[in-house]
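Visitor: Turn this into a structure:
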Amino acid sequence: MSQKTELKKIRAAQSKVNQKLLELIQEMRDSFNVPEDADEYYDGLRTILNRIPDKYGKSIYCGKGWYPLIISCDEELTSIYPDYKIILILGSRGYLNYYFEHPGNDILYKEMSNVVRHHKTLASITDQFTGEFI
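Guide: Have a look, this model is predicted:
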């Protein structure tokens, strides 16, 4: 077998390995932690987790009772600014914290902040585990 033929085989094998590595890297980037109790909210939460850049970690920390609120908040924010990014969603001591990146436009930011404030108010009167009004 000639050196040219051998080199072509090596390059082809290397190309396959590189392709597989790229696929694995993409799979890792796309992985996120949809809560185990997501049930009927799985798709909505997955959409939300896709809005979180890799550098922040793709997780949501709150009880199931707030999933509908978070999904509603996301839908409203998306209608204002479709490409918005989430930094963190956290339920702590009965308060919903929903942090997003500034869209670079103060008018949009104010409108988005009002949406988040409204949903945080709804969360304050909703049990985060059961979804029942308090």
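
Visitor: from the middle of its chain, how far away would the host helix or strand of residue 7 be?
Guide: In this assignment (DSSP states H and E), residue 7 forms part of helix 3-30. Its chain's average C-alpha position is 30 Å from that of helix 3-30, according to CA atoms, centre = their mean, to the nearest Å.

Visitor: Likewise for stretch 80-96?
Guide: Mean-position distance between stretch 80-96 and its chain equals 10 Å (CA atoms, centre = their mean).

Visitor: Name the residues of it that come out as buried.
Guide: 81, 84, 86, 87, 89, 91, 96 (16 or more other CB atoms under 10 Å). Yep, even glycine has a C-beta here, placed from its N, CA and C like the rest.

Visitor: And what about the residue most central in space within the chain, helix, strand or coil?
Guide: Centroid check for the chain by CA atoms, centre = their mean gives residue 49 as the closest residue, at 1.5 Å. Classification of residue 49 using DSSP: H, G, I helix; E, B strand; the rest coil returns helix.

Visitor: Wait, it touches residue 33, no?
Guide: Yes: assessed by CB atoms under 8 Å, residue 49 is found in contact with residue 33 at 7.4 Å.

Visitor: residues bridging contact with those two, i.e. touching both?
Guide: Residues touching both residue 49 and residue 33 (CB atoms under 8 Å, 6 or more residues apart in numbering) are 58, 59, 60.

Visitor: The second one - how many residues pack around it?
Guide: So that's residue 59. By other CB atoms under 10 Å, the residues close to residue 59 number 14.

Visitor: that older thread, what mean pLDDT does the helix holding residue 7 get?
Guide: The average pLDDT within helix 3-30 is 77.

Visitor: For that helix, enumerate the helices and strands it packs against.
Guide: Of the remaining helices and strands, none touches helix 3-30 by 3 or more CB pairs under 8 Å, 6 or more residues apart in numbering; DSSP states H and E.
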